[in-house]
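*Asks:* Here is my input; please provide its structure:
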Amino acid sequence: MAKIITRVWTSRGATGKRVRHVSYGYDARIDGKRERCVSAAWTTEAEAHDGLARRLKDAANGKVTKPAQATLGALAEHYLRYKADGGKRSLKEDTRILTSTPRAQLAGSARRRKSSMRTRSAPGLISRALASWLALNRSPPAHTWWSLCR
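*Replies:* Sure, this is the predicted structure:
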């Protein structure tokens, strides 16, 4: 069962007056999961019907997106590479935390976040869990600005 949905919002126009915007989308069940998609480019119901027809055709042909399978160790290496390419200054500390912490503890943290977030993107979930876990388990610096002000 799929249906066309409408989103209406207002914003301030160039003259400061409110402008009403309307866009269309669809709400469908694909592979047993609810999928909702709204696009500001779909300004008529016909465009939303076309988008829904394309998505249902892709789903019938087997193009159902699934989260990529990755191990926690591979995600940790990817996280460190990404941060190194970005020039993160505390990369040494992240490396220390990731190598000294048992993988089961990190995976438990990710599972708790997954159950609370109810998301379908496992790789993104675990990398967010890694980033938040690293932020919480960082050792405080030896000198902070408030300790120097005494």
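*Asks:* Every contact and neighbour count from this point should use C-alpha atoms.
*Replies:* Will do.
*Asks:* buried residues in the host helix or strand of Leu75?
*Replies:* According to DSSP states H and E, Leu75 maps onto helix 72-85. For helix 72-85, burial by neighbour count (16 or more other Cα atoms under 10 Å) applies to 72, 75-76, 79-80.
*Asks:* now stretch 83-96
*Replies:* In stretch 83-96, counting by 16+ other Cα under 10 Å, buried: Asp94.
*Asks:* for the closest residue to Arg12 other than its chain neighbours, what are its contacts?
*Replies:* The shortest distance from Arg12 to any non-neighbouring residue, by Cα to Cα, 6 or more residues apart in numbering, is to Arg18 (4.6 Å). Arg18 makes contacts with 10-12, as judged by Cα atoms under 8 Å, 6 or more residues apart in numbering.
*Asks:* could you point out where this structure is predicted with low confidence?
*Replies:* Along the chain, the parts satisfying pLDDT under 70 run over 64-68, 101-129, 132-150.
*Asks:* Could I get the full set of helices for it?
*Replies:* In the chain, the segments counted as helices under DSSP state H are 45-60, 72-85, 91-100, 103-117, 122-136, 145-148.
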